[in-house]
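Q: Okay, predicted coordinates and the sequence, questions at the end:
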Amino acid sequence: MPFQPLPQDQPSCTVECPACGHRWLVYQQQLGLLGSCTVCDAARPRYTGSVAPGSGRQVSFGSFRRLLDEPRLLSLIEEALGLRPLYAERFADAQGREVPLEDIHYALQGNAEWQGQVYNLHMSRAR
């Protein structure tokens, strides 16, 4: 039987493909059960850590994506991570290299202060 998360569960662990470096969030229960990278299809991504454990303020990747039209989130991404928006869901670093949106979400969720700001934006919109 495949893993089925509970409705209140949120992915909290990050895995990285050893071949292409792509990172994405998974549920803790999925560690060790993962098949292949969603980008290059290489087998067995490796665990790289959890996002701000125990804070209870995690924002799922899908909810994070829905906040990308929020100017306060764009300001946070620019100020905290030094990234500038390009267009749509694309951001670049100071050297002009594109940064995957998953990496931005991971970085913000991995810092309790930034995670709290994203959570507050999400909750103010959810109300």
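A: Perfect, I can see it now.

Q: Tell me where this protein has strands.
A: 13-16, 23-26, 46-50, 84-87, 90-92, 98-99 (DSSP state E).

Q: Residues contacting the worst-scoring helix or strand of the chain on mean pLDDT, please?
A: Taking mean pLDDT, DSSP states H and E as the measure, the chain has strand 46-50 as its least confident helix or strand, at a mean of 73. Applying Cβ atoms under 8 Å, 6 or more residues apart in numbering, the external contacts of strand 46-50 come out as 12-16, 18, 23, 28, 31, 110. For every residue, glycine as well, the C-beta is placed using N, CA and C.

Q: Just the buried ones out of those residues, please.
A: Buried members of the contacts of strand 46-50, counted by 16 or more other Cβ atoms under 10 Å: 12-16, 23.

Q: Looking at the residues you listed, which two lie furthest apart in space?
A: 12 and 16 (15.1 Å; Cβ to Cβ).

Q: Among the contacts of strand 46-50, give me the pair with the biggest separation.
A: 12 and 18 (21.0 Å).

Q: Looking at the buried ones among the contacts of strand 46-50, which one is closest to residue 101?
A: Nearest to residue 101 out of those is residue 23 (Cβ to Cβ; 10.6 Å).

Q: quick one: contacts for the residue nearest the centre of the chain?
A: For the chain, the residue sitting closest to the mean C-alpha position, by Cα atoms, centre = their mean, is residue 105 at 3.0 Å. Contacts for residue 105 (Cβ under 8 Å, 6+ apart) come out as 25, 61, 64.

Q: Among those, the buried ones, what's the PyMOL command?
A: In PyMOL syntax, the buried subset of the contacts of residue 105 is picked out as below (16+ other Cβ under 10 Å):
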select buried, resi 25+61+64
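
Q: closest to residue 45 among the contacts of residue 105?
A: Distances from residue 45 to these, taken by Cβ to Cβ, are shortest for residue 25, at 11.4 Å.
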